[in-house]
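Participant: kindly generate the corresponding structure for this input.
(chains A and B)
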2 protein chains.
Amino acid sequence: MRKAVVLLSGGLDSATVLAQARRDGYDCYCLSVDYHQRHRAELAAAANVARALGATRHEVIALNLAQFGGSALTDDALAVPTGGLTAGIPITYVPARNTMMLSLALGWSEVLGAADIFFGANAVDYSGYPDCRPEYVKAFETMANLATKAAVEGQRLTIHTPIITLSKAEIIQRGTALGVDYSLTVSCYQADAYGHACGMCDSCRLRRAGFTSAGLADPTRYQAGAPSV
Amino acid sequence: MRKAVVLLSGGLDSATVLAQARRDGYDCYCLSVDYHQRHRAELAAAANVARALGATRHEVIALNLAQFGGSALTDDALAVPTGGLTAGIPITYVPARNTMMLSLALGWSEVLGAADIFFGANAVDYSGYPDCRPEYVKAFETMANLATKAAVEGQRLTIHTPIITLSKAEIIQRGTALGVDYSLTVSCYQADAYGHACGMCDSCRLRRAGFTSAGLADPTRYQAGAPSV
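Facilitator: All right, here's what the predicted structure looks like:
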């Protein structure tokens, strides 16, 4: 069975991607990053998702991006917006986060002898983050194929983004068909320690609209007082 | 004054690059990575070099690459070769390390509002590491200019590699002219806690040959019993 590194945040998208990689026959090594994110509960969710979907291994690596700051997800002084999606890239954008995560996945994949990385980027129902777009992923893949000893020795690395052009509803439908238990996942940017969602941040809004549009019950565990569907 | 992020390992090459960036008029934010490297003494050296060359700030970020292993620099079970340089990429290669470091520099530069990163890669007197070659750096720069909010908003990022085509002797000559005190730097892959060098690893050999070829005294502090020049 071919090995793959799967970037697993603990959210809905990457859980779906892990399920897809498993269905495609990969031996999955899941990587999560403890980057001092406000919604640290997603890391426990990632561990549960990895177990439920039969990952071979789940590694959490620490990288304290609070040292840099500049995002509402890593700087406690910046509030997470809760008023609804607006135009432009919101303050929840974490500078170069996906580039860092893909770089870590690249390094681990080389050590493992894996030629495949799965990445749950989505460029449809998203917050306009530049490092979720297909042209970015392609450029990272090109760079990666010049970066490593494995590449120099002729092994071509592929970055799989199986949900990048799907709507949130389509992602949920696909994951449901693949057996993902979305009640295990945490998408909320300000989830509490139990993984309960606020229901008001952009990530909660995109997620809830996805379940509604997919015609499926929303299994998200909300905080007391969170707005009802 | 324009801000720049300078990747500073504590070794000879990146010290020279910092001196060049300072001479070029940049306000320098130095970044070192504590990646569980065997030669951890280079981090103290980096702090001393940053201070000596007038850096504005020096940040050390931790990233435990021993979790991945696969290199003699991060896995205690793999010995550092001391028999002299050989053909091919040696076991001191750390999978995707420079991609990770450049990614961190990219994130910090965006938070700082800096459009310039200085990187001490060298593709002449080196160990054949793929992520030191000009074509790799170019591909990273292309990717970086698709990755960030700053790029989307029109700010072009440049990765400066002022010593990439110089010989080790030329690097030392340039740094000496720029006032670098190389006695502060640590290049040895298995430096002791005081930064004293073994004199036998590839990095020590390249460094010593560089001083000899440059016709300059080698200020390196060697361990007792290290082979004499």
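Participant: just the CA atoms of the longest strand belonging to chain A, as CSV, please.
Facilitator: Identified as the longest strand of chain A according to DSSP state E is strand A:27-34. Coordinates of each C-alpha in strand A:27-34 appear next as CSV, following Å, rounded to 0.1, in the frame of the first residue of the first chain:
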residue,chain,number,x,y,z
ASP,A,27,-1.6,4.1,4.1
CYS,A,28,-2.2,7.5,5.8
TYR,A,29,0.2,9.4,8.0
CYS,A,30,-1.7,12.3,9.4
LEU,A,31,0.0,15.5,10.4
SER,A,32,-1.5,18.3,12.6
VAL,A,33,0.2,21.5,13.7
ASP,A,34,-0.2,22.9,17.1
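Participant: what residue in chain A is the furthest from its centre?
Facilitator: A:E153 (30.2 Å; CA atoms, centre = their mean).
Participant: what residues are up against the residue lying closest to A:G70 once chain neighbours are set aside?
Facilitator: Distance criterion CB to CB, 6 or more residues apart in numbering or on different chains; nearest residue to A:G70, sequence neighbours excluded, is B:V111 at 3.4 Å. The way it works is simple: take the backbone N, C-alpha and C, and place the C-beta from them, glycine included. Contact analysis of B:V111 by CB atoms under 8 Å, 6 or more residues apart in numbering or on different chains lists A:F68, A:G69, A:G70, A:P95.
Participant: redo those as JSON lines? Include secondary structure.
Facilitator: What follows is these, written out as JSON lines (DSSP: H, G, I helix; E, B strand; the rest coil):
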{"residue": "A:F68", "secondary structure": "coil"}
{"residue": "A:G69", "secondary structure": "coil"}
{"residue": "A:G70", "secondary structure": "coil"}
{"residue": "A:P95", "secondary structure": "coil"}
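Participant: widest-spaced pair of the residues you listed?
Facilitator: A:G69 and A:P95 (9.3 Å; CB to CB).
Participant: pLDDT score assigned to A:S32?
Facilitator: On pLDDT, A:S32 comes in at 98.
Participant: check the one 4 residues further on too.
Facilitator: At A:H36, the model reports a pLDDT of 97.
Participant: from A:P162, how far out is it?
Facilitator: 29 Å (CB to CB, to the nearest Å).
Participant: in chain A, which spans are helices?
Facilitator: Along chain A, counting by DSSP state H, helices occupy A:12-23, A:41-52, A:97-112, A:134-147, A:149-152, A:168-177, A:202-214.
Participant: just send those helices back as CSV, with distance to B:L78 too.
Facilitator: Conversion of those to CSV gives the following (distance: least, CB to CB, whole Å):
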stretch, distance to B:L78
helix A:12-23, 30
helix A:41-52, 28
helix A:97-112, 12
helix A:134-147, 21
helix A:149-152, 14
helix A:168-177, 40
helix A:202-214, 41
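Participant: how about stretch A:133-147: buried residues?
Facilitator: A:R133, A:Y136, A:V137, A:A139, A:F140, A:E141, A:M143, A:A144, A:N145, A:L146, A:A147 (16 or more other CB atoms under 10 Å in any protein chain shown).
Participant: per-residue pLDDT of the residue nearest to the second one when sequence neighbours are not counted, please?
Facilitator: It stands for A:Y136. With sequence-adjacent residues excluded and distances taken as CB to CB, 6+ apart, A:Y136 is closest to B:L146, at 4.4 Å. B:L146 carries a pLDDT value of 98.
Participant: looking at it, A:V137 is touching A:A121, isn't it?
Facilitator: Yes: counting by CB atoms under 8 Å, A:V137 touches A:A121, with 6.2 Å between them.
Participant: shared neighbours of those two, anything?
Facilitator: Common contacts of A:V137 and A:A121 (CB under 8 Å, 6+ apart): A:T161, A:I164.
Participant: distance from the chain centre to stretch A:109-124, please.
Facilitator: Chain-centre distance of stretch A:109-124: 11 Å, with CA atoms, centre = their mean, to the nearest Å.
Participant: what pLDDT, on average, does that stretch get?
Facilitator: 97.
Participant: quick one: end-to-end length of that stretch, please.
Facilitator: 28 Å (CA to CA, to the nearest Å).
Participant: hmm, back to that, correct me if wrong: the residue nearest to A:Y136 contacts A:V137.
Facilitator: No: the pair B:L146 / A:V137 is not scored as a contact, 9.1 Å apart, by CB under 8 Å.
Participant: can you list the weak-confidence ranges in chain A?
Facilitator: Low-confidence segments of chain A (pLDDT under 70): A:228-229.
Participant: again, 90 this time
Facilitator: Chain A contains residues with pLDDT under 90 at A:1, A:125-127, A:227-229.
Participant: what sits against the residue farthest from the centre of chain A?
Facilitator: Applying CB under 8 Å, 6+ apart, no residues contact A:E153.
Participant: for B:K138, see how far away it is.
Facilitator: A:E153 is 21 Å from B:K138, by CB to CB.
Participant: equivalent analysis for A:T86, please.
Facilitator: Distance from A:T86 to B:K138, by CB to CB: 36 Å.
Participant: same thing with A:E135?
Facilitator: Distance, A:E135 to B:K138, using CB to CB: 17 Å.
Participant: which residue is the nearest non-sequential neighbour of A:A226?
Facilitator: A:G199 (3.4 Å).
Participant: my read: that neighbour touches A:Q223, true?
Facilitator: Yes: counting by CB under 8 Å, A:G199 sits close enough to A:Q223 to count as a contact (7.2 Å).
Participant: so between the two, which is more surrounded?
Facilitator: Comparing A:G199 with A:Q223 by other CB atoms under 10 Å in any protein chain shown, the one with more neighbours is A:G199, at 20 against 16.
Participant: what sits against the more buried one?
Facilitator: When contacts are counted by CB under 8 Å, 6+ apart, A:G199 touches A:C188, A:R208, A:T220, A:Y222, A:Q223, A:A226, A:P227.
Participant: show me which pair in those is furthest apart.
Facilitator: For the contacts of A:G199, with distances taken as CB to CB, the pair at the greatest spread is A:R208 and A:Q223 (13.5 Å).
Participant: and the residue nearest to A:A226, how far from chain B?
Facilitator: Here A:G199 is placed at a distance of 26 Å from chain B (CB to the nearest CB, to the nearest Å).
Participant: A:R2 versus that residue, what's the distance?
Facilitator: Per CB to CB, A:G199 is found 39 Å from A:R2.
Participant: got it, and A:R23?
Facilitator: Going from A:R23 to A:R2 by CB to CB gives 13 Å.
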